[in-house]
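**Student:** Mind looking at a prediction? Sequence and model below.
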Amino acid sequence: MQKPVQLDNAAIASGSGAYILWLQANGAAAVQVGKLGCLQMQSGWYCYIGSAMGPGGVAARVGHHCRIARKPRWHIDYLRAECHLRAVWYVLTPQRVEHAWVEVMASMPGAGQPLPGFGASDHRGATHLFRFASLPRREAFVRHFEAHFPQLAENITIASMNPEPCHDRLESR
């Protein structure tokens with residue numbers, strides 16, 4: 001089990017938006033993801049794309065993912081308990097960009113889709129989880145996004161932050 005991380009909430013406002021969690025797996029493992037199935041993890045980088053359009057916005061949602069959930073609520077909670085959260089890319093916008101980001105990430109060189117349907121209960125036929133052997137550069141993702149969705153990308157700046165490790169604490173629900 002991995003330690004939770006702490007975000008500097010001043011780094012991300014409570015606005016709505018979308019985010020990408022970058023998780024690092026250091027070995028092979030089988031992770032049961034609720035009723036979805038078993039994820040056969042490999043060493044490498046896992047990318048989860050989510051949205052935060054409700055109360056608390058990006059800061060609250062990413063803050064949830066920084067803790068290890070005692071009772072997993074979302075698919076990512078199962079994976080989060082097994083991987084180190086290393087980076088977060090995010091955007092604060094009222095526009096819904098999550099599904100566009102999924103399309104862009106799927107087109108990135110080296111992107112694998114390890115478990116169909118992961119995190120995509122509202123996005124049929126897709127997955128919101130990707131695996132890479134090495135961490136892609138944020139600038140490459142931004143270029144792909146701008147090329148695939150120029151009107152959507154026009155007024156969006158994708159920021160990044162590196163969460164800092166903190167003490168081991170489970171989220172209580």
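**Tutor:** Yep, that arrived.
**Student:** From the chain's centroid, how far away is stretch 148-158?
**Tutor:** 19 Å (Cα atoms, centre = their mean, to the nearest Å).
**Student:** What of stretch 73-81?
**Tutor:** Using Cα atoms, centre = their mean, the offset of stretch 73-81 from its chain centre is 10 Å.
**Student:** Pull out the buried residues from it.
**Tutor:** Neighbour-count burial for stretch 73-81, counted by 16 or more other Cβ atoms under 10 Å, picks out 74-81. From N, CA and C alone the C-beta is placed, and that goes for glycine too.
**Student:** Can you give me every residue that contacts the residue nearest to residue 52 when sequence neighbours are not counted?
**Tutor:** In this structure, residue 52 finds its nearest non-sequential neighbour in residue 61, 3.7 Å apart by Cβ to Cβ, 6 or more residues apart in numbering. Going by Cβ atoms under 8 Å, 6 or more residues apart in numbering, residue 61 touches 19, 50-52, 54.
**Student:** Serialize those residues to JSON lines and add fields for secondary structure, pLDDT and distance to residue 37.
**Tutor:** Compiled in JSON lines, these are given as follows (DSSP: H, G, I helix; E, B strand; the rest coil; pLDDT from 0 to 100; distance: Cβ to Cβ, whole Å):
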{"residue": "19", "secondary structure": "strand", "pLDDT": "91", "distance to residue 37": "24"}
{"residue": "50", "secondary structure": "strand", "pLDDT": "91", "distance to residue 37": "19"}
{"residue": "51", "secondary structure": "strand", "pLDDT": "89", "distance to residue 37": "23"}
{"residue": "52", "secondary structure": "strand", "pLDDT": "88", "distance to residue 37": "25"}
{"residue": "54", "secondary structure": "coil", "pLDDT": "85", "distance to residue 37": "27"}
